[in-house]
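>>> This is the structure alone, sequence omitted:
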(Lines give C-alpha, C1' and ligand atoms only; values in the text may rest on other atoms or scores of the structure.)
Protein backbone atom coordinates (compact mmCIF):
# COMPACT_ATOMS: atom_id res chain seq x y z
CA UNK A 1 0.00 0.00 0.00
CA UNK A 2 1.19 3.51 -0.72
CA UNK A 3 0.15 6.89 0.60
CA UNK A 4 -1.04 8.09 -2.84
CA UNK A 5 -4.67 7.21 -2.13
CA UNK A 6 -5.01 4.60 -4.88
CA UNK A 7 -6.35 2.04 -2.41
CA UNK A 8 -7.51 3.16 1.02
CA UNK A 9 -10.64 1.68 2.65
CA UNK A 10 -13.39 4.21 3.25
CA UNK A 11 -13.23 5.95 6.60
CA UNK A 12 -9.54 5.32 7.29
CA UNK A 13 -7.76 8.21 8.99
CA UNK A 14 -4.32 8.03 7.40
CA UNK A 15 -3.00 10.69 9.78
CA UNK A 16 -3.70 8.76 13.00
CA UNK A 17 -1.28 5.90 13.59
CA UNK A 18 -2.76 2.45 14.06
CA UNK A 19 -1.22 -0.30 16.20
CA UNK A 20 -2.19 -2.89 13.56
CA UNK A 21 -0.45 -0.97 10.78
CA UNK A 22 2.58 -0.28 12.97
CA UNK A 23 2.79 -4.02 13.71
CA UNK A 24 2.66 -4.65 9.96
CA UNK A 25 5.57 -2.25 9.56
CA UNK A 26 7.55 -3.99 12.32
CA UNK A 27 7.05 -7.29 10.47
CA UNK A 28 8.28 -5.79 7.20
CA UNK A 29 4.87 -5.42 5.59
CA UNK A 30 3.77 -2.67 3.22
CA UNK A 31 0.22 -2.00 4.43
CA UNK A 32 0.93 1.11 6.46
CA UNK A 33 0.99 4.88 6.08
CA UNK A 34 3.59 7.56 6.72
CA UNK A 35 2.08 8.41 10.12
CA UNK A 36 2.34 4.75 11.16
CA UNK A 37 5.97 4.51 10.10
CA UNK A 38 6.97 7.77 11.76
CA UNK A 39 5.59 6.74 15.14
CA UNK A 40 6.88 3.18 14.72
CA UNK A 41 10.39 4.51 14.19
CA UNK A 42 10.10 6.43 17.47
CA UNK A 43 9.02 3.22 19.22
CA UNK A 44 12.05 1.44 17.75
CA UNK A 45 14.28 3.96 19.49
CA UNK A 46 12.86 2.73 22.81
CA UNK A 47 12.23 -1.02 22.40
CA UNK A 48 13.26 -3.68 19.82
CA UNK A 49 9.75 -3.76 18.37
CA UNK A 50 10.73 -5.54 15.15
CA UNK A 51 12.27 -8.39 17.14
CA UNK A 52 9.27 -8.46 19.48
CA UNK A 53 6.85 -8.72 16.55
CA UNK A 54 8.86 -11.54 14.99
CA UNK A 55 9.10 -13.40 18.31
CA UNK A 56 5.37 -13.01 18.89
CA UNK A 57 4.56 -14.31 15.41
CA UNK A 58 6.81 -17.31 16.01
CA UNK A 59 5.08 -18.05 19.33
CA UNK A 60 1.71 -17.89 17.59
CA UNK A 61 2.80 -20.44 14.99
CA UNK A 62 4.15 -22.82 17.63
CA UNK A 63 0.98 -22.55 19.71
CA UNK A 64 -1.29 -23.25 16.72
CA UNK A 65 0.77 -26.27 15.67
CA UNK A 66 0.68 -27.63 19.21
CA UNK A 67 -3.10 -27.26 19.45
CA UNK A 68 -3.76 -28.94 16.10
CA UNK A 69 -1.37 -31.82 16.66
CA UNK A 70 -1.62 -32.38 20.42
CA UNK A 71 -5.10 -31.16 21.34
CA UNK A 72 -6.85 -32.01 18.07
CA UNK A 73 -8.37 -28.54 17.77
CA UNK A 74 -9.74 -27.66 14.33
CA UNK A 75 -11.39 -24.28 14.96
CA UNK A 76 -9.57 -21.00 15.62
CA UNK A 77 -10.87 -17.55 16.53
CA UNK A 78 -8.05 -15.02 16.15
CA UNK A 79 -8.91 -11.80 18.01
CA UNK A 80 -7.01 -8.65 17.11
CA UNK A 81 -5.43 -10.56 14.25
CA UNK A 82 -3.90 -7.55 12.52
CA UNK A 83 -2.92 -7.20 8.88
CA UNK A 84 -2.28 -10.48 7.02
CA UNK A 85 1.34 -11.46 6.60
CA UNK A 86 3.34 -14.65 6.09
CA UNK A 87 2.61 -17.38 8.64
CA UNK A 88 -0.99 -16.52 9.43
CA UNK A 89 -3.09 -18.83 11.58
CA UNK A 90 -4.98 -20.39 8.65
CA UNK A 91 -1.72 -21.13 6.82
CA UNK A 92 -0.21 -22.85 9.86
CA UNK A 93 -3.36 -24.69 10.96
CA UNK A 94 -4.44 -25.82 7.49
CA UNK A 95 -0.92 -27.01 6.73
CA UNK A 96 -1.29 -29.38 9.67
CA UNK A 97 -4.91 -30.24 8.88
CA UNK A 98 -6.74 -28.83 5.81
CA UNK A 99 -10.08 -29.11 7.61
CA UNK A 100 -9.19 -26.39 10.13
CA UNK A 101 -11.41 -23.31 10.10
CA UNK A 102 -10.28 -19.83 11.10
CA UNK A 103 -12.08 -16.57 11.82
CA UNK A 104 -9.94 -13.45 12.01
CA UNK A 105 -11.28 -10.49 13.97
CA UNK A 106 -9.94 -6.95 13.91
CA UNK A 107 -11.27 -3.41 14.25
CA UNK A 108 -8.80 -1.91 11.76
CA UNK A 109 -10.39 -1.50 8.30
CA UNK A 110 -7.05 -1.97 6.52
CA UNK A 111 -6.50 -5.29 8.29
CA UNK A 112 -10.02 -6.47 7.47
CA UNK A 113 -9.88 -5.37 3.82
CA UNK A 114 -6.60 -7.17 3.18
CA UNK A 115 -7.83 -10.22 5.04
CA UNK A 116 -10.89 -10.39 2.82
CA UNK A 117 -8.73 -10.17 -0.30
CA UNK A 118 -6.33 -12.84 0.91
CA UNK A 119 -9.08 -15.29 1.84
CA UNK A 120 -11.27 -15.00 -1.26
CA UNK A 121 -10.34 -18.52 -2.37
CA UNK A 122 -10.37 -20.07 1.10
CA UNK A 123 -13.80 -21.28 2.16
CA UNK A 124 -12.54 -22.35 5.58
CA UNK A 125 -11.39 -18.91 6.72
CA UNK A 126 -12.89 -15.44 7.00
CA UNK A 127 -12.13 -11.98 8.34
CA UNK A 128 -14.69 -9.85 10.16
CA UNK A 129 -14.70 -6.26 11.36
CA UNK A 130 -15.44 -6.35 15.08
CA UNK A 131 -14.14 -5.25 18.46
CA UNK A 132 -12.83 -8.00 20.74
CA UNK A 133 -14.17 -5.95 23.67
CA UNK A 134 -17.70 -6.84 22.52
CA UNK A 135 -17.72 -10.65 22.82
CA UNK A 136 -21.47 -11.09 22.38
CA UNK A 137 -21.52 -9.24 19.06
CA UNK A 138 -18.45 -11.01 17.76
CA UNK A 139 -19.49 -14.50 18.90
CA UNK A 140 -22.88 -14.08 17.22
CA UNK A 141 -21.53 -12.79 13.90
CA UNK A 142 -22.78 -14.70 10.85
CA UNK A 143 -19.27 -15.56 9.65
CA UNK A 144 -18.27 -16.72 13.12
CA UNK A 145 -21.24 -19.06 13.29
CA UNK A 146 -20.66 -20.27 9.73
CA UNK A 147 -17.15 -21.45 10.47
CA UNK A 148 -17.16 -22.24 14.19
CA UNK A 149 -19.37 -24.67 16.04
CA UNK A 150 -18.92 -23.78 19.70
CA UNK A 151 -20.13 -27.25 20.67
CA UNK A 152 -16.74 -28.44 19.39
CA UNK A 153 -13.31 -27.51 20.81
CA UNK A 154 -12.20 -24.08 19.66
CA UNK A 155 -9.05 -22.06 20.24
CA UNK A 156 -9.43 -18.37 21.06
CA UNK A 157 -6.24 -16.48 20.20
CA UNK A 158 -5.38 -13.20 21.90
CA UNK A 159 -1.83 -12.64 20.70
CA UNK A 160 -0.49 -9.13 21.28
CA UNK A 161 -4.11 -8.03 21.64
CA UNK A 162 -5.22 -7.78 25.28
CA UNK A 163 -2.56 -5.23 26.20
CA UNK A 164 -4.58 -2.82 24.03
CA UNK A 165 -7.50 -3.24 26.44
CA UNK A 166 -7.37 -0.78 29.33
CA UNK A 167 -8.05 -1.84 32.91
CA UNK A 168 -11.24 0.21 33.03
CA UNK A 169 -12.58 -1.81 30.08
CA UNK A 170 -12.54 -4.98 32.18
CA UNK A 171 -10.06 -7.26 30.36
CA UNK A 172 -10.63 -10.16 32.77
CA UNK A 173 -14.39 -10.00 32.19
CA UNK A 174 -13.82 -9.94 28.43
CA UNK A 175 -11.63 -13.04 28.55
CA UNK A 176 -14.18 -14.76 30.80
CA UNK A 177 -16.96 -14.06 28.29
CA UNK A 178 -15.03 -15.90 25.59
CA UNK A 179 -14.12 -18.69 27.99
CA UNK A 180 -17.76 -19.20 28.94
CA UNK A 181 -18.71 -19.58 25.26
CA UNK A 182 -16.25 -22.44 24.83
CA UNK A 183 -16.87 -26.12 25.41
CA UNK A 184 -14.44 -28.35 27.36
CA UNK A 185 -11.14 -29.13 25.61
CA UNK A 186 -11.14 -25.69 24.00
CA UNK A 187 -8.11 -23.42 24.36
CA UNK A 188 -6.94 -19.90 25.08
CA UNK A 189 -3.70 -18.66 23.50
CA UNK A 190 -2.37 -15.37 24.81
CA UNK A 191 0.72 -13.22 24.48
CA UNK A 192 0.85 -9.98 26.39
CA UNK A 193 3.31 -7.11 26.90
CA UNK A 194 4.98 -6.91 30.29
CA UNK A 195 6.98 -4.31 32.14
CA UNK A 196 8.44 -6.83 34.60
CA UNK A 197 12.02 -6.58 33.29
CA UNK A 198 12.25 -3.20 31.55
CA UNK A 199 9.64 -0.96 33.18
CA UNK A 200 11.18 2.32 32.00
CA UNK A 201 11.41 1.18 28.39
CA UNK A 202 7.83 -0.08 28.40
CA UNK A 203 6.61 3.13 29.99
CA UNK A 204 8.27 5.18 27.25
CA UNK A 205 6.81 2.94 24.55
CA UNK A 206 3.35 3.09 26.12
CA UNK A 207 3.59 6.87 26.16
CA UNK A 208 4.20 6.85 22.41
CA UNK A 209 1.25 4.54 21.79
CA UNK A 210 -1.01 7.14 23.37
CA UNK A 211 -0.79 8.89 19.99
CA UNK A 212 -2.61 5.93 18.37
CA UNK A 213 -6.18 4.75 18.77
CA UNK A 214 -4.74 1.74 20.62
CA UNK A 215 -2.95 2.73 23.86
CA UNK A 216 -0.92 0.00 25.55
CA UNK A 217 -1.28 -1.34 29.09
CA UNK A 218 1.66 -3.55 30.07
CA UNK A 219 0.97 -6.07 32.86
CA UNK A 220 2.94 -8.24 35.27
CA UNK A 221 3.19 -12.01 34.87
CA UNK A 222 0.86 -12.61 37.81
CA UNK A 223 -1.82 -10.48 36.18
CA UNK A 224 -1.46 -12.31 32.87
CA UNK A 225 -1.74 -15.68 34.61
CA UNK A 226 -5.04 -14.55 36.12
CA UNK A 227 -6.51 -14.21 32.62
CA UNK A 228 -6.19 -18.00 32.31
CA UNK A 229 -8.71 -18.63 35.10
CA UNK A 230 -10.75 -21.68 34.13
CA UNK A 231 -7.99 -23.08 31.93
CA UNK A 232 -5.26 -25.62 32.69
CA UNK A 233 -1.96 -24.27 31.40
CA UNK A 234 -0.04 -26.44 28.97
CA UNK A 235 3.64 -26.84 29.90
CA UNK A 236 5.74 -24.74 30.33
CA UNK A 237 3.00 -22.39 31.59
CA UNK A 238 3.08 -18.61 31.21
CA UNK A 239 6.65 -17.75 30.25
CA UNK A 240 8.57 -15.21 28.22
CA UNK A 241 7.75 -15.92 24.59
CA UNK A 242 11.06 -17.45 23.43
CA UNK A 243 10.79 -19.98 26.27
CA UNK A 244 7.43 -21.40 25.14
CA UNK A 245 8.39 -24.62 23.32
CA UNK A 246 11.08 -23.02 21.16
CA UNK A 247 11.84 -24.49 17.77
CA UNK A 248 15.29 -25.99 17.29
CA UNK A 249 17.83 -23.31 16.46
CA UNK A 250 15.55 -20.44 17.41
CA UNK A 251 17.38 -18.09 19.70
CA UNK A 252 16.40 -14.83 21.33
CA UNK A 253 17.06 -13.11 24.64
CA UNK A 254 13.87 -14.05 26.53
CA UNK A 255 13.76 -10.86 28.59
CA UNK A 256 14.04 -8.65 25.52
CA UNK A 257 10.86 -10.20 24.11
CA UNK A 258 9.03 -7.99 26.63
CA UNK A 259 6.04 -10.35 26.39
CA UNK A 260 4.74 -13.38 28.24
CA UNK A 261 2.77 -16.08 26.52
CA UNK A 262 0.84 -19.18 27.41
CA UNK A 263 -1.71 -21.72 26.22
CA UNK A 264 -4.51 -23.03 28.42
CA UNK A 265 -7.02 -25.86 27.92
CA UNK A 266 -10.53 -25.55 29.30
CA UNK A 267 -11.32 -28.70 31.26
CA UNK A 268 -14.87 -28.05 32.54
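Cool, got the structure. In this text, all values refer to a predicted model and were calculated from it rather than measured experimentally.

>>> and residue 89, how many neighbours?
By other CB atoms under 10 Å, the residues close to residue 89 number 25. Any C-beta I mention is one placed from the backbone N, CA and C, and that applies to glycine too.

>>> for the closest residue to residue 138 other than its chain neighbours, what are its contacts?
In this structure, residue 138 finds its nearest non-sequential neighbour in residue 130, 4.4 Å apart by CB to CB, 6 or more residues apart in numbering. Contacts for residue 130 were tallied using CB atoms under 8 Å, 6 or more residues apart in numbering; they are 105-107, 137-138, 141.

>>> Those residues: which two are farthest apart?
In these, two members sit farther apart than any others by CB to CB. They are 106 and 137, at 13.8 Å.

>>> hang on, residue 266 packs against residue 187?
Yes. With contact defined as CB atoms under 8 Å, residue 266 counts as touching residue 187 (7.0 Å).

>>> So those two - more neighbours on which side?
With neighbours defined as other CB under 10 Å, residue 266 and residue 187 compare such that residue 187 has more, 25 against 20.

>>> ok, which stretches of the stretch 1-150 of the chain are strands?
For the stretch 1-150 of the chain, strands defined by DSSP state E, counting those that start in this stretch occupy the ranges 75-79, 101-106, 125-129.

>>> circling back: which among the contacts of residue 130 end up buried?
The neighbour-count test (16 or more other CB atoms under 10 Å) marks 105-107, 138, 141 as buried among those.

>>> of these, closest to residue 97?
residue 105 (21.4 Å).

>>> Report pLDDT for that closest one.
Residue 105 carries a pLDDT value of 94.

>>> Tell me which residue lies nearest the centroid of the protein.
For the chain, residue 159 is the residue whose C-alpha lies nearest the centre (CA atoms, centre = their mean; 2.9 Å).

>>> Tell me the pLDDT of that one.
Reported pLDDT for residue 159: 96.

>>> Isn't it up against residue 241?
No. Using CB under 8 Å, residue 159 is not in contact with residue 241, being 9.6 Å away.

>>> Quick one: the strands of the stretch 1-150 of the chain as TSV, columns for distance to residue 155 too.
Shown next, in TSV, are the strands of the stretch 1-150 of the chain (distance: least, CB to CB, whole Å):
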stretch	distance to residue 155
strand 75-79	5
strand 101-106	10
strand 125-129	14
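
>>> for the ones you listed, which one sits closest to residue 253?
The nearest among these, by CB to CB, is strand 75-79 at 27.0 Å.

>>> Could you check how far the nearest residue to residue 266 once chain neighbours are set aside is from residue 154?
Nearest residue to residue 266 in three dimensions, chain neighbours excluded: residue 186, at 4.7 Å (CB to CB, 6+ apart). Distance, residue 186 to residue 154, by CB to CB, to the nearest Å: 5 Å.

>>> same check, this time on residue 12
31 Å.

>>> out of these two, which sits in the busier spot?
More neighbours surround residue 154 than the other of residue 12 and residue 154, with 24 against 15 (other CB under 10 Å).

>>> Let me know how buried the closest residue to the more buried one other than its chain neighbours is, in neighbour terms.
The shortest distance from residue 154 to any residue other than its chain neighbours is 4.2 Å, reached at residue 75 (CB to CB, 6+ apart). Using other CB under 10 Å, residue 75 has 24 neighbouring residues.

>>> pLDDT score for residue 75?
So, for residue 75, pLDDT stands at 98.

>>> Please apply the same query to residue 153.
So residue 153 comes in at 98 (pLDDT).

>>> So it belongs to a strand, correct?
No. Checked against DSSP: H, G, I helix; E, B strand; the rest coil, residue 153 lies outside a strand; its state is coil.

>>> Let's test this: what are the backbone torsions at it?
phi -50, psi 130 (degrees, to the nearest 10).

>>> Kindly indicate whether the closest residue to it other than its chain neighbours is helix, strand or coil.
Excluding its sequence neighbours, the residue lying closest to residue 153 (CB to CB, 6+ apart) is residue 185, at 4.3 Å. Secondary structure state of residue 185, per three-state DSSP, is coil.

>>> Perfect, I'm done here.
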